[in-house]
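Undergrad: pasting the structure only:
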């Protein structure tokens, strides 16, 4: 029986929208931005800092990252955020049925058997049009914004999990939201959550 | 509109069974073993040879493979099989709506916009139990049989397509048939084929 649905996603693929809609359909909460508030409560860091540092770090060379911004306990800001993230996500999963978007939740909850882990992606054209529509233009072209953000997600995931972000067997389903459509992806996840063997 | 469904799969994941069932549900033919007959007609090679050499080669070092068994035209057996495979699959896709299992069909048909490309996989336990049940015991343990077969599929795919077998963005959906169940996977593919945007 599925209790938790984790959604990992390429930037711009609609993963967050899909997560919210799946949660609405199933009548359960969706944690996305709300996770940041909880991590802020745990760590004392500002929400904007967590948003920058947490999911998107390491932002450069791995070695530089490892020695960057360490406190007296030898842990970096990113390490503190990771530990808080892990605690918050584990507690949520224990407490209630929910959808969790991003934040390596698939890995953090990997020892549970009641998680449905989903990866959402799409082709560059679909994502580029979507981010311009949703977030507006920026000084970088959309393709560059997509590549930058996913590169950071990939590095962050690799650093903390030792696994490859997007690799099929980290997830139970991977869906191309551009080809299938957002609604169809929602439908598939809702069905899978209710209908696994 | 989806006309062709290609199914790539880990050995033992039930991809072939899923392909046959999807085809039955949609009332269209499924090409799997039938492809080998068609490739045999094209090339003049024996079916058993195509089965061995085609999907499973290169069976050792890439360089050795490149110089292995070349004829007077400078092409290897595997190259001849690849060219015939490409021709057969392209002609089938032009001719009729169908399901094609294996044989790099996702790559061969990559320029078409009417293909739904699916990858099917499962965890080792599920696959090991399944192959022993379906194909019986062998002198190798099931885990070794699984690893060998998929390694060959991976190398063959890489050699001819320059892409990574199983990489999510080669496909429109990747499904864990062990977690979701064979029936649920069939249902999802049938729905996706009829319901893409």
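TA: Alright, I've got the coordinates. Bear in mind the structure is a predicted one, so any value in this text is a computation, not a measurement.
Undergrad: buried residues in stretch A:9-26?
TA: Buried residues in stretch A:9-26, counting neighbours by 16 or more other Cβ atoms under 10 Å in any protein chain shown, are found at A:9-23, A:26. C-beta coordinates here come from the backbone N, C-alpha and C atoms, glycine included.
Undergrad: Which residue ranges of chain A form helices?
TA: Under the criterion DSSP state H, chain A contains helices at A:15-26, A:33-43, A:47-53, A:62-66, A:77-95, A:105-108, A:124-135, A:142-161, A:177-180, A:182-195.
Undergrad: Export the ones you listed to CSV and append columns for mean pLDDT.
TA: Below are those laid out as CSV (pLDDT from 0 to 100):
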stretch, mean pLDDT
helix A:15-26, 96
helix A:33-43, 89
helix A:47-53, 82
helix A:62-66, 51
helix A:77-95, 92
helix A:105-108, 97
helix A:124-135, 94
helix A:142-161, 91
helix A:177-180, 97
helix A:182-195, 92
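Undergrad: closest to residue A:4 out of those helices?
TA: Taking Cβ to Cβ, helix A:77-95 is the member of the helices of chain A nearest to residue A:4, at 5.0 Å.
Undergrad: tilt between the closest one and helix A:33-43?
TA: 110 degrees (axes from the mean of the first three to the mean of the last three Cα atoms, to 10 degrees).
Undergrad: Next, count neighbours for residue A:48.
TA: Using other Cβ atoms under 10 Å in any protein chain shown, residue A:48 is surrounded by 10 other residues.
Undergrad: typo on my end, residue A:123
TA: Using other Cβ under 10 Å, residue A:123 is surrounded by 14 other residues.
Undergrad: contacting residues for the closest residue to it other than its chain neighbours?
TA: Of all residues not flanking residue A:123 in the chain, residue A:178 sits nearest, at 5.1 Å (Cβ to Cβ, 6 or more residues apart in numbering or on different chains). By Cβ atoms under 8 Å, 6 or more residues apart in numbering or on different chains, the contact set of residue A:178 is A:13, A:122-123, A:125-127.
Undergrad: Using a markdown table, please lay out these together with distance to residue A:3.
TA: Below are those laid out as a markdown table (distance: Cβ to Cβ, whole Å):
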| residue | distance to residue A:3 |
| --- | --- |
| A:13 | 24 |
| A:122 | 27 |
| A:123 | 32 |
| A:125 | 36 |
| A:126 | 31 |
| A:127 | 30 |
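Undergrad: Residue B:117: which of the residues you listed is nearest?
TA: Residue B:117 has its nearest neighbour among those in residue A:123, at 12.5 Å by Cβ to Cβ.
Undergrad: isn't the closest one right up against residue A:176?
TA: Yes: between residue A:123 and residue A:176 a contact is recorded at 7.5 Å, counting by Cβ atoms under 8 Å.
Undergrad: Now the common contact residues for these two.
TA: residue B:169.
Undergrad: Now the residue nearest to residue A:130 when sequence neighbours are not counted: phi and psi?
TA: Of all residues not flanking residue A:130 in the chain, residue A:12 sits nearest, at 5.0 Å (Cβ to Cβ, 6+ apart). Main-chain dihedrals, residue A:12, degrees, to the nearest 10: phi 90, psi 0.
Undergrad: before we move on, back to that, a markdown table please, covering the helices of chain A and showing distance to residue B:51.
TA: Shown next, in a markdown table, are the helices of chain A (distance: least, Cβ to Cβ, whole Å):
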| stretch | distance to residue B:51 |
| --- | --- |
| helix A:15-26 | 40 |
| helix A:33-43 | 50 |
| helix A:47-53 | 53 |
| helix A:62-66 | 45 |
| helix A:77-95 | 46 |
| helix A:105-108 | 37 |
| helix A:124-135 | 38 |
| helix A:142-161 | 38 |
| helix A:177-180 | 32 |
| helix A:182-195 | 34 |
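Undergrad: Much appreciated, bye for now.
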